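Participant: Fold the stuff below for me.
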Amino acid sequence: MRKTTRLKELIFAPEILVMPGAFDPLSARLVQEAGFPAIQCSGFAMSATYLGLPDYSFLSFSDMLDVTRRIVDAVELPVMADGDTGFGNAVNAWYTVRAFERIGAAGINIEDQVMPKRCGHLDGKTIVPLDEAVAKIRACAEARTDPDFVINARTDALAVAGIDEVIRRCNAYLDAGATMVFIDGMTSRALTEQAVRAIRGPVAINLVEGGRSPADFDFAAMQAIGVARVSLPLTTILGAIHGMRQALAAVRTHGGIAGNAGLVAPFADLKHLAGFDEVFALEQRHLAGLRRDEVPAGAR
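Facilitator: From the prediction side, this is the model:
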């Protein structure tokens, strides 16, 4: 089954689709190892790790494409790309979809913010006029060559114009060809339920630790309301930051790495995640029969 088809099936399945965020191949492999069925690329985390800059449209189209390609190549799961605003107008968005579909992404987020965009859980957002946003989604739907490639139309209208505008925009995006609509920065169960009832298609939200997300809104409650998908864009990077801080503090405290074993993964885990098992297998197949003086220097 194509990854696009698998992702679309997961979105329309009765069970809520939970998609942790990934920002590089290693984090993507950890999401896969944990047993999740699909991955959401996190532009916020990519910008922080790739550039050391905030989620403020600093990552270019080619930057995002490059990071996403490496994530897609590293895992067997469907990967939803983060296309920001489509990197321009409807024409740019058309080319954005073509490019991300070509590298093997199973779908893409396209949002209705004005560039430079910002994280949906931050203040100061501005959204483009509805007709401009609809034109962009229509271009994205036209650009896909695989009809199952998921167009995830994100709106940031909740913080700017309220729930009625969210509903109006989401239905317009679905009519324009979006597979699913994504309401960023959702603040309550009640608003989520109102949106799901009024929107004529699959609805996605996200949960951000320390953001606007209700702390007690769990997956079971979301599924009962009818939410189709929830992403966890920052869980992996926030967990990594916390873990690295703890390990580094322990090293400073103990004057070495002794006593640090409980704070770090085994070295064998890193070798496995980095793909050394495959490299060693290739060595056995292709190098084991060579005499030492015949082995190329770079392979020793």
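Participant: Domain-wise, how is the chain divided?
Facilitator: 3-233, 265-300 (automatic domain parsing).
Participant: Considering the ones you listed, which stretch scores lowest in mean pLDDT?
Facilitator: Mean pLDDT is lowest for domain 265-300 among the domains of the chain, at a mean of 83.
Participant: State the paired neighbours of whichever strand or helix holds residue 181 in the sheet, together with their directions.
Facilitator: Per DSSP states H and E, residue 181 falls inside strand 180-183. Using DSSP bridges, the strands paired with strand 180-183 are strand 150-155 (parallel), strand 203-206 (parallel).
Participant: Would you convert those into CSV that also reports distance to residue 246 and mean neighbour count?
Facilitator: Using the backbone N, CA and C atoms, a C-beta is placed for each residue, glycine as well. Compiled in CSV, the strands paired with strand 180-183 are given as follows (distance: least, CB to CB, whole Å; neighbours: other CB atoms under 10 Å):
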stretch, distance to residue 246, mean neighbour count
strand 150-155, 34, 27
strand 203-206, 26, 25
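Participant: I'd like those as CSV, with distance to residue 42 appended.
Facilitator: Output for the strands paired with strand 180-183, formatted as CSV (distance: least, CB to CB, whole Å):
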stretch, distance to residue 42
strand 150-155, 13
strand 203-206, 10
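Participant: any idea how far residue 1 is from residue 106?
Facilitator: Distance, residue 1 to residue 106, by CB to CB, to the nearest Å: 11 Å.
Participant: of those two, who's got more company?
Facilitator: Of the pair residue 1 and residue 106, residue 106 is the one with more neighbours under other CB atoms under 10 Å, namely 26 against 8.
Participant: For stretch 83-99, buried residues please.
Facilitator: In terms of neighbour count (16 or more other CB atoms under 10 Å), stretch 83-99 has its buried residues at 83-87, 90, 93-94, 96-97, 99.
Participant: nope, stretch 61-68 is what I was after
Facilitator: So, applying 16+ other CB under 10 Å, buried residues of stretch 61-68: 61, 64-65, 67-68.
Participant: Please apply the same query to stretch 32-52.
Facilitator: So, applying 16+ other CB under 10 Å, buried residues of stretch 32-52: 32, 36-48, 50.
Participant: Kindly report the same for stretch 161-178.
Facilitator: Within stretch 161-178, the residues scored as buried using 16+ other CB under 10 Å are 163, 166-174, 176-178.
Participant: next one: stretch 254-272
Facilitator: For stretch 254-272, by 16+ other CB under 10 Å, it's 260, 263-264.
Participant: and residue 78, which of the strands paired with strand 180-183 is closest to it?
Facilitator: When the strands paired with strand 180-183 are compared by CB to CB, strand 150-155 sits nearest residue 78, at 8.4 Å.
Participant: tell me the SS of the nearest residue to residue 22 once chain neighbours are set aside?
Facilitator: Among residues not flanking residue 22 along the chain, residue 28 sits closest, at 3.9 Å (CB to CB, 6 or more residues apart in numbering). At residue 28, secondary structure determined by DSSP: H, G, I helix; E, B strand; the rest coil is helix.
Participant: got it, and residue 195?
Facilitator: Applying three-state DSSP: residue 195 is helix.
Participant: re earlier: any figure for the gap between the residue nearest to residue 22 and residue 155?
Facilitator: In terms of CB to CB, residue 28 sits 26 Å off from residue 155.
Participant: ok, now residue 139?
Facilitator: Counting by CB to CB, the separation of residue 139 from residue 155 is 17 Å.
Participant: before we move on, back to that, the residue nearest to residue 22: how many residues sit nearby?
Facilitator: By the measure other CB under 10 Å, the count of residues near residue 28 is 26.
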